[in-house]
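J.: sharing a model that was predicted from the sequence below.
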Amino acid sequence: MVKERILSRANRDRLLDRLREEGLRVFGPRLTDGLVLFLEIQSASELAPDYRNSTRSIKDFFLPPQEPLLRYGVRKEGVEVQPPAGEEAGTVLFGVRPCDAAYLPIIDRVFSGEEKDQLYLSRREKTLIIGLSCETPEDTCFCTSLGYSPGGSQGCDLLLTPLGEDRFFVEFISERGEQVAVRFPELWQDASASDRERRRGVEAEAKASIQRRVDMKGIKEWLDGHFDDPLWEEISRRCLGCAACYYLCPTCHCFDIVDEGDMWGGTRRRIWDSCSFGHFTQMPAHQPRETQARRYRQRIMHKFKYYVDRFGIFACVGCGRCLKACPVGIDLTEILGIIRDRLSAAERK
Amino acid sequence: MSEGMTHIYQPDLVRIEEIVEETPDIKTLRFNFVEEERARSFSFRAGQFCQLSVFGEGEATFCLSSSPTRRDFLECSLKRVGKVTQALHDREVGDIIGFRGPYGNWFPLEEMRGKNLIFVGGGIGLAPLRSLIWNCLDRRDEFLEVTILYGARSVADLVYKAELKEWESRSDVKLIKTVDPGGEDESWDGEVGFVPTVLERFSPSPQEAVLITCGPPIMIKFVLQAADKLGFSPDQVITTLEMKMKCGLGKCGRCNIGSVYVCKDGPVFTYRQILTLPPEF
Amino acid sequence: MSQELQEKAKELLEKGEVEQIIGYGPGTRPGTARPVFLTLPEESPCLIWTPACVHNLVVYLTRKETRGRGKVAITAKGCDVRALFVLIQEKQLRREDVYVIGLSCQGVLSKEALAGGRWELSEETMADKCKICQVRTPLEYDFLVGEKVEPRPAGVDPYAARIEELESRSSEERWEFWRRELSRCIKCYACRQACPLCYCRRCITEKSVPQWIDKSAHLRGNLAWNLIRAFHLAGRCVGCGECERACPVNIPLMLLNQKMSREVAAQFGYVAGMDYTVEPALASFDPQDRQDFIH
């Protein structure tokens, strides 16, 4: 059982080549049009040299913005319906930050259960996640407040932690990760005690540098009792009602099913949707979430109460994309902090 | 379906066998599976719903309004209110549409045995109740008294007009039909008044009774209040809720009321359960 | 300048001249600003006016949360006031419904500057739209914060250069450019929601019978959305740049909108948001209008 090794920078490059040679599609963070996006790479030289996190999360690979569910054709003889082709090649996501990787075990719960969503699960099975620990979190990062870490391994198959410029400490987290160790034995070197020490140090330093902190204790219970509270109007007044934060958020998973085509042929697709839009709950004679305040409440409640009620875990990894993306400066950590203040004030009484 | 990935959002193909125009804007479609094997193996329980689709137009949610005891066909009654319902209204006998289901929970038939049943329906809300009504009438001796209180805006808006007559003529069913004030015509021989008002007027006893209601949200609200006034405990009152739905499986995130998904944890709820939900429906 | 602004705001609320003030306050991230909504005079110290105040607050004027609450005052830069003019022209608001606290403006920071933590206003950090600004003093106001500022002297027009360059490419190259840019669109509609002139209660994307614009975020759906929005803004867009700033995936929306508005200027001699007493160019017809470009 291989658990830990050292990977030199040169061998990291070779690892990516080997994986590609096996027929896998390798995606890594690339700088493009002022953004960092996970795009297919042909060699390690295409990787963004220095990045904090990708603009869009790796959610795109498991629940893409749109995907075909079926193609239909209507003929005189009848209706023919064709399911989508399964994806052939396996995928490697290289350089995934620990917060992003951590979203997978959270959202897996939605797509498994009694009815298994094969579209999502088959991609999960075919994707190797190679995580990369953070050395310099951003001012928007708050993973530690949710119990995660810039050096955490949840959701990863392998986790790389940089030890200086040209070496990585590698941890093989899952069975799939361990198989990578076995498949390419020539790439790894033994890890020493001082390597281990350094690896812990990188994580500790990164954790300590995270400025943005929220005390989540009691937040869920406050939400349990404050469905009707003036807070919702106050914090959502500036919300424009776009879906930028929802679509960049790895743990937002809501979708719609739409038909595109005419009466003779076309495609039924699953597409992203967001509870920030009025149409999300709009029925012909009834609209339960008339105002943006109610729709914003749904966002907070879903992530920090409803998801906990159903699955026992917050639907948030603290990646901070929502803070960066919001055109009007809505700050989730500020909102959680306001709730925290109210709790503290009540406790003091 | 040809080769490819199977997944839970794939519809079955069903063929429309009969169309009944219930009202100017409500039709009942009777349909059956194209694949015989599916028809044979399919079963559902009263209260469950399905996603019907017209290819090229989209999918929408409908309760199954036929009874599970009558296995030769399935029926849904649909009000024409938007894109998909218009497309379904435009279908003809022989057309093929998509079907996904059955989804959701069901009416607690076993717990209703040996009780007096009071069905309270309004408008198109009679559709899910009808599945349960026929289910109970097909097992009539398991229940005590059966009362059906049904109303609509006007005489023309009453659904299942032929069945209303049938229920009226049965000696083991008490039918109270009503139309909203102003909705009556010269030949109307039923009550006049909103459904919750008529319910209070008839004041059924809560003793050994279960009250099952469905209708527009505002009607349900007042019926629940009326039942409360009449002395029904929240455990004795059952309803079925409607929210906008898509997947039907608790994955798309759309139909929640608080922590509950109407498609998975409902659509059937007792009033007791509803009292624990946030007021967002 | 912030003090002048805060005192005026306090006075307006104290005297009951307005019931609510929409302005800028400090954001929670260093160096940023964000919209704030005041109803009490004692809240006025939170108002600021800095080069980080990039948002077009006029977007909030058409929302029902604002409409129901009495007369509103708004702090507005020249570009924001131009958007207000279009709303008045299109009968969405009356001039007397809004108390305009005009902000004389030397420019605001670009999206890149703000993201990169560069908070000093300079030629390099200034937003592109400011480099061609003719309304550094807003065209109309009820109160002006700061001294009047002359329009920017003619200089490099960042849009003209890029539009010209694009138009010099072959149609295949241009198609490839837009295919690449618009493929990134995720249909978050941040562009629409941030735009003060996208105020339709039901957007064309929400109309389903028929579904004019595919909702999916594939190329066809993205092209349909972005192009229809550019067309719906033609002759109306005032170039405030909020759409491009709000876009989380850096689509150069201003190129599209600037091209359209320059086209309208060339064909009709009309620039949106400069005078609300005239008829909008594309909403009115005169038999004398040029028709030679209709083929």
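T.: Perfect, I can see it now.

J.: quick one: least confident helix or strand in the chain?
T.: No chain specified, so I'll use chain A. The helix or strand of chain A with the lowest confidence, counting by mean pLDDT, DSSP states H and E, is strand A:78-82 at a mean of 90.

J.: please refer instead to chain C.
T.: Going by mean pLDDT, DSSP H and E, chain C bottoms out at helix C:64-67, a mean of 90.

J.: who touches it?
T.: A:237, A:291-293, C:20, C:22, C:60, C:72 (CB atoms under 8 Å, 6 or more residues apart in numbering or on different chains). Backbone N, C-alpha and C define where each C-beta goes, glycine included.

J.: buried sites along it?
T.: Buried residues in helix C:64-67, counted by 16 or more other CB atoms under 10 Å in any protein chain shown: C:65-66.

J.: run through the bridge partners of residue B:118.
T.: Residue B:118 has the following beta-bridge partners by DSSP bridges: residue B:147, residue B:211.

J.: where does the prediction get shaky in the stretch 51-200 of chain B?
T.: Of all residues in the stretch 51-200 of chain B, none has pLDDT under 70.

J.: in it, which residue sits nearest chain C?
T.: The nearest approach of the stretch 51-200 of chain B to chain C comes at residue B:83, 4.5 Å away (CB to the nearest CB).

J.: burial measure for residue B:252, as a count.
T.: Neighbourhood size, residue B:252 [other CB atoms under 10 Å in any protein chain shown]: 22.

J.: quick one, phi/psi of it?
T.: phi -80, psi -10 (degrees, to the nearest 10).

J.: what's the distance between it and chain A?
T.: Using CB to the nearest CB, to the nearest Å, residue B:252 is found at 5 Å from chain A.

J.: contacts only, for that residue.
T.: Residue B:252 makes contacts with A:254-257, A:273, B:246, as judged by CB under 8 Å, 6+ apart.

J.: try it again with 7 Å
T.: A:254-255, B:246 (CB atoms under 7 Å, 6 or more residues apart in numbering or on different chains).

J.: in CSV, list those residues along with secondary structure, distance to residue A:124 and neighbour count.
T.: Formatted as CSV, the contacts of residue B:252 follow (DSSP: H, G, I helix; E, B strand; the rest coil; distance: CB to CB, whole Å; neighbours: other CB atoms under 10 Å in any protein chain shown):
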residue, secondary structure, distance to residue A:124, neighbour count
A:254, coil, 19, 23
A:255, strand, 16, 22
B:246, coil, 22, 25
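
J.: how about the contacts made by residue A:330?
T.: Contacts of residue A:330 (CB under 7 Å, 6+ apart): A:238-239.

J.: that one in helix, strand or coil?
T.: Judged by DSSP: H, G, I helix; E, B strand; the rest coil, the three-state class of residue A:330 is coil.

J.: what about the closest residue to residue B:75 other than its chain neighbours, neighbour count?
T.: Spatial nearest neighbour of residue B:75, excluding adjacent residues (CB to CB, 6 or more residues apart in numbering or on different chains): residue B:66 at 3.7 Å. Residues lying near residue B:66 (other CB under 10 Å) number 23.

J.: please apply the same query to residue C:176.
T.: The local packing of residue C:176 (other CB under 10 Å) involves 12 other residues.

J.: the closest residue to residue A:151 other than its chain neighbours: neighbour count?
T.: The shortest distance from residue A:151 to any non-neighbouring residue, by CB to CB, 6+ apart, is to residue A:203 (2.9 Å). If you count neighbours by other CB under 10 Å, residue A:203 ends up with 20.
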